[in-house]
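K.L.:
For reference, the sequence and a predicted model appear below.
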Amino acid sequence: MLASDLFLAEEEGEQNILLPAFYDILWSAVIFTVLLLVFWKVVLPRMQALLDERAAAIEGGIKKAEEAQAEAAAALESYNTQLAAARAEASQIKDRARADAAKIEADLKARANDEAERITAQAHQRIEAERQAAFSSLKTEVGTLALDLSEKVVGESMDDSRSAAIVDRFLADLERDGANR
């Protein structure tokens with residue numbers, strides 16, 4: 001219905017208020033063309049340059065991030081290599097320390113054994129010396145007692161040379177009997 005009203009209005013010669021005049025359409029087209037050319041030649045290149053800068057900045061940031069990631073990966077690899085080397089070195093140090101401890105322990109045991117043998121030998125020497133002293137003292141004591149007893153049994157006193165010979169013979173007989181047992 002609207003289209004038919006417009007068509008009827010043109011035929012009657014009346015100007016339709018919905019359709020602009022020809023000169024308005026012409027000047028609007030000229031202004032639109034000028035604005036389109038200005039936009040095309042000035043605004044679009046600046047926008048394109050701005051977008052290209054942003055794209056370059058983003059690509060540069062991405063490239064820097066990739067480089068930083070590659071450096072981080074290399075640093076991590078280096079760290080892991082150093083860590084493995086440090087662990088190996090620590091293991092070697094631990095093994096050497098264990099070996100040194102075993103050597104020291106063996107050395108201390110050998111020294112302790114030597115010291116124990118020395119102390120035992122000294123103790124045996126002391127025991128032997130004390131045994132000899134006790135035997136000598138006992139010999140003298142037994143000799144004196146034997147002489148006293150023989151004097152009481154015989155009823156007369158004996159001289160020193162005779163009594164010494166009797167005591168020595170008596171003790172020799174005792175030692176022989178002890179050795180035979």
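P.N.:
Perfect, I can see it now.
K.L.:
Quick one: neighbours of Arg87, just the number.
P.N.:
For Arg87, the count of nearby residues is 10 (other Cβ atoms under 10 Å). For every residue, glycine as well, the C-beta is placed using N, CA and C.
K.L.:
And the residue nearest the centre of the protein?
P.N.:
Per Cα atoms, centre = their mean, the C-alpha nearest to the average position across the chain is that of Ala90, at 6.2 Å.
K.L.:
Could I get the contacting residues of that residue?
P.N.:
Counting by Cβ atoms under 8 Å, 6 or more residues apart in numbering, Ala90 touches no other residue.
K.L.:
Could you check how far it is from Leu149?
P.N.:
Between Ala90 and Leu149 the distance, using Cβ to Cβ, to the nearest Å, works out to 84 Å.
K.L.:
Ok, Arg126 next?
P.N.:
Taken as Cβ to Cβ, the spacing of Arg126 relative to Leu149 amounts to 33 Å.
K.L.:
what's the answer for Ile119, then?
P.N.:
43 Å.
K.L.:
Phi and psi next, for Gly178.
P.N.:
Torsion angles at Gly178 (phi, psi; degrees, to the nearest 10) stand at phi -70, psi -40.
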